[in-house]
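>>> Okay, structure incoming, though there's no sequence with it:
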């Protein structure tokens, strides 16, 4: 606002424009204006409106003096044109008197001032012009200001409102009206929040406003949930201020609310997703975790904390495997992580075995992928680890079961073969033995008749021996067909040996084999089926005789022994049969033959293995022997003697209390 | 139990479906000493033959096609004329242990394993008859 001093009406000269058809008017005006002290001006006179239209009015002058004493229609047009285009320029009309002015009463509102020539007093004109110019400027400024404010209020997307002391709306902007479904802002005037919202929002809003009114303290950035009467929910951030009159008295409140519904919904969606993720993490049957570039846990679920034997997931954050594994295991595992992060390549389903604290093994199935930031730099890794110890154990168990089954299958096949042999033997025994009887009796008869010819005699003897051997073969085959039922009776093993020796005495004598009896005394009884064990000893003795064609010695030894330890002198096979502390009865049948050839040691008990030439044995003898010993839960070994050449068959029997 | 006189030969009836076997036994026994041997290969006729021949002892096969050893023994023991005659079962169906024993008893019956030597046969007959 230009400063007005008593000595000067205006500091800058006003540019005045006179629009008049009367040439003398300019002189009259100059006469009137120039007389006033402190009023500086320049005057430009224009006769016709058309000429005026050629200029940019606002740069041309500060006020237009329109002489209404011109043609009435021209005067009307001029007023209208000037009112339209003048902006801050003052439009002052000059007329003769009131009655002349009256002719323009319909458009009087368009002019800023008028001057009546008849009643013009001395010095009045410059003052009136000055005031009109100043008022016009002020008005124009206010109008501009008001337009700006209106534009702001009408176009801002935030809701702006003013309320009286009773929290009734006194003014709201368009955004406010729009957001609550009212086409016209004015419709809301006079209403309160209670009319627009549910009480849930209206009451606290009212309370806030009343507090602002009573204290004068503003409310800034409060987040509010607005539930509309129709059920829609809006979230806003609100700032409310006290509204004061020019005396500073609070006459209401004003506020601005910005909708943050979208933001809030996004936030809620995010937190729902976070909750969902957390649920997945907490309930996943696999360990899930995220590590930073230095292999520190930054995310870990409870399951994986359990995998690490940690107390809880929270405890693991910021820690590395060094805090949970042995140094070697941690180093190995972290080197693996490092390789993934530095190479940028993940791994899938890697199985890892790790010893646990209690010495057991733990198997884990792990997949890991590197984690990249927006620049493509690796910032860590994500892993998922499943404890598959139980599955792995089951798998191993299954493997061993399958292996056992395979072995059993082979044994069954073998047993089935032998059973077939046995059935065959039973069938052929009867058919073979009758012809053998004929041959035997026939050769004996001829022998008794043929006293003179030694060649024929030898031949007949051979026939007789051959028949007896054939008979033996049939017996051995029959042993397979005999049922494996046993009647176990507590027996002194020495008695059974005695019986076998009695039967074999004749054979021993004939083969020039000397018996060395080293049987111990007072042996504890063993549970055996006498007839079957009899067969074992007979087989062993017959075998011993057969390996000493030129005679020799046969040692039969019995003694007891206590299993002391499962040491190196006890074979693994032995520990399967006997436990430490068991008392066992040992029988040894030792010959002085050539012993067993090294490569035969493993095979001597195999069915159909024989060192005898074809026709001399079936190879079933020792196999049957072992199966009988096995049936008694005993054990038989055949080894070479250590003191001299020869073989030692050793049979161990559990004593009666054990069996 | 027998009025066994040294001058009187021992009468042996051998019943077996195998003719070569019975023939061999007969040859050997006759060769070995004072024996009269009758052979029978059709077991169902055992009672008739035994009644006529009046043996001191009968050697009886076990496994035979028409009437087996068990049937024959029952048949003989049902008839008053033959029920007192001792029987030795001669069978191929014995185990090695039993065979090693020579003549043995089982269930009150005498058994002898096939094949049998003439010595073992004579031993067995003597054991039963003495």
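Arrived safely, thanks for sending. All values derive from a computational prediction rather than experimental measurement.

>>> pretty sure residue A:180 is touching residue A:188, no?
Yes - using C-beta atoms under 8 Å, residue A:180 is in contact with residue A:188, at 7.2 Å. For every residue, glycine as well, the C-beta is placed using N, CA and C.

>>> Report the set of residues contacting both of the two.
Common neighbours of residue A:180 and residue A:188 (criterion: C-beta atoms under 8 Å, 6 or more residues apart in numbering or on different chains): residue A:196.

>>> Sticking with residue A:157, tell me its helix or strand.
Residue A:157 is part of no helix or strand, with elements assigned from DSSP states H and E.

>>> Strands along chain B, start to end?
With strands called from DSSP state E, chain B shows them at B:10-15, B:35-40, B:57-61, B:87-91, B:104-106, B:109-113.

>>> meant to ask about the stretch 551-659 of chain A, not that
Here the stretch 551-659 of chain A has its strands, by DSSP state E, counting those that start in this stretch, at A:552-562, A:583-590, A:635-640, A:647-654.

>>> Okay, now the unreliable bits of chain B?
Applying pLDDT under 70 to chain B flags residues B:1-7, B:95-97.

>>> Quick check, central residue of it?
Taking C-alpha atoms, centre = their mean as the criterion, residue B:59 is the residue nearest the geometric centre of chain B, at 0.8 Å.

>>> Next, the contact list for that residue, please.
Applying C-beta under 8 Å, 6+ apart to residue B:59 gives the contacts B:12, B:13, B:14, B:15, B:16, B:25, B:87, B:88, B:90, B:112, B:121.

>>> For the closest residue to chain B within the stretch 201-350 of chain A, give its distance to residue A:622.
The nearest approach of the stretch 201-350 of chain A to chain B comes at residue A:349, 63.1 Å away (C-beta to the nearest C-beta). To residue A:622, residue A:349 is 52 Å away according to C-beta to C-beta, to the nearest Å.

>>> ok, the residue nearest to residue B:65 when sequence neighbours are not counted - contacts?
Distance criterion C-beta to C-beta, 6 or more residues apart in numbering or on different chains; nearest residue to residue B:65, sequence neighbours excluded, is residue B:17 at 5.9 Å. If a contact means C-beta under 8 Å, 6+ apart, then residue B:17 has B:41, B:42, B:43, B:61, B:64, B:65, B:66 as its contacts.

>>> could you redo the last one with a cut-off of 6 Å?
Neighbouring residues of residue B:17 by C-beta atoms under 6 Å, 6 or more residues apart in numbering or on different chains: B:41, B:64, B:65.

>>> ditto for residue A:514
Counting by C-beta under 6 Å, 6+ apart, the residues that residue A:514 touches are residue A:553.

>>> quick one, the host helix or strand of it and strand A:583-590 angle?
Taking DSSP H and E as the criterion, residue A:514 maps to strand A:513-519. Going by axes from the mean of the first three to the mean of the last three C-alpha atoms, to 10 degrees, strand A:513-519 is angled at 170 degrees with respect to strand A:583-590.

>>> can you map out the helices along the stretch 251-400 of chain A?
A:261-283, A:302-307, A:313-316, A:327-343, A:389-449 (DSSP state H, counting those that start in this stretch).

>>> what's the answer for chain B, then?
With DSSP state H as the criterion, chain B has helices at B:19-32, B:46-53, B:69-78, B:96-100, B:118-129.

>>> Including distance to residue A:160, could those go into CSV?
Formatted as CSV, these follow (distance: least, C-beta to C-beta, whole Å):
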stretch, distance to residue A:160
helix B:19-32, 135
helix B:46-53, 137
helix B:69-78, 127
helix B:96-100, 121
helix B:118-129, 136
